[in-house]
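Undergrad: Sharing a model that was predicted from the sequence below.
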Amino acid sequence: MKIYISVDMEGIAGIVRPEQVQRGTPDYAEARLLLVREANAAVEGALAAGADEVIVADMHAGGFNFPPEEMHPGARWLHGGPHWPRFPFLEGSDGMILLGYHAMAGTPQAVRDHTMSSAAWQEFRINGQPAGEIAIDAAVAGAMGVPVIMVSGDDKACAEARALLGNVVTAEVKQGVARHRALTLAPARARELIREKVVEAVRRAGEMAPYRIEGPVTLQLTYTGTDLADPRFYDGRAWARVDGRTVTIQGEDFMTALGHLLGRW
């Protein structure tokens, strides 16, 4: 059984402040350990539940946040960027885990809410429906026939995942109070919870269906400023400009549309 674990940073227990997720700050070194230790707990859970292949992908910022000497030897680890194609080596996986994820931009009382880029993206929609990184990555996995079987993060991210994916297993490691405030589990307890929930999710993987978005697909992105929309090439087909900050991207299927967007972003 092959399990693929995509890891972000904002949904890790104990992480609430922007300084913790930015390379070069004094708080970042400690946050890296929180990140990799939750990832290790997920690897342990997957192996305990019967996985014989585990891949862990670093999907935060530049994709080089795991301290190499801390990595669990039972997995292989994907580093670096850019993040397109989104998930190399995902094909053939029996299930995907979204670890340390956060709620979409604009979610009230969610820790570090954003979609892809706090600096650049204000709102993102798929076929008219508001969407965040949980929906984006579940749809990428679904296009490859892989179900998302577990999501961890704050209570808002977990609720977003359940609303989107139904019977997905969730691990709530903190409760958002404000964008930079949360009631969090101690990291050791969060790791225990993640291991338990991964075991459950891997054992239930056969019950879960891939999240698929039927084509054609329209993505709509509202940037935080007109200067971010200005450089795009608008051909009236794949790319069109709705207003000063909002653009649409068309594709015959989800991956084509997302490739137009992320492959050029």
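TA: Thanks, I have it.

Undergrad: Sketch out the low-pLDDT regions of the protein for me.
TA: Filtered on pLDDT under 70, the chain yields the residue ranges 264-265.

Undergrad: Please parse it into its domains.
TA: 2-117+132-207, 217-262 (automatic domain parsing).

Undergrad: Please dump the ones you listed into JSON lines; it should also carry distance to residue 123 and mean neighbour count for every row.
TA: For every residue, glycine as well, the C-beta is placed using N, CA and C. Formatted as JSON lines, the domains of the chain follow (distance: least, C-beta to C-beta, whole Å; neighbours: other C-beta atoms under 10 Å):
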{"stretch": "domain 2-117+132-207", "distance to residue 123": "6", "mean neighbour count": "20"}
{"stretch": "domain 217-262", "distance to residue 123": "4", "mean neighbour count": "16"}
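
Undergrad: how about CSV for these, with distance to residue 126 added?
TA: Formatted as CSV, the domains of the chain follow (distance: least, C-beta to C-beta, whole Å):
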stretch, distance to residue 126
domain 2-117+132-207, 6
domain 217-262, 6
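
Undergrad: Contacts only, for residue 203.
TA: 49, 50 (C-beta atoms under 8 Å, 6 or more residues apart in numbering).

Undergrad: Which residues are in contact with residue 128?
TA: Going by C-beta under 8 Å, 6+ apart, residue 128 touches 218, 220.

Undergrad: longest helix in the protein, by residue count?
TA: helix 28-48 (DSSP state H).

Undergrad: Are there helices or strands packed against that helix, and which ones?
TA: strand 2-7, strand 53-58, strand 95-101, helix 187-203 (3 or more C-beta pairs under 8 Å, 6 or more residues apart in numbering; DSSP states H and E).

Undergrad: which one of these lies closest to residue 174?
TA: Nearest of the helices and strands packed on helix 28-48 to residue 174, taken as C-beta to C-beta: helix 187-203 at 7.9 Å.
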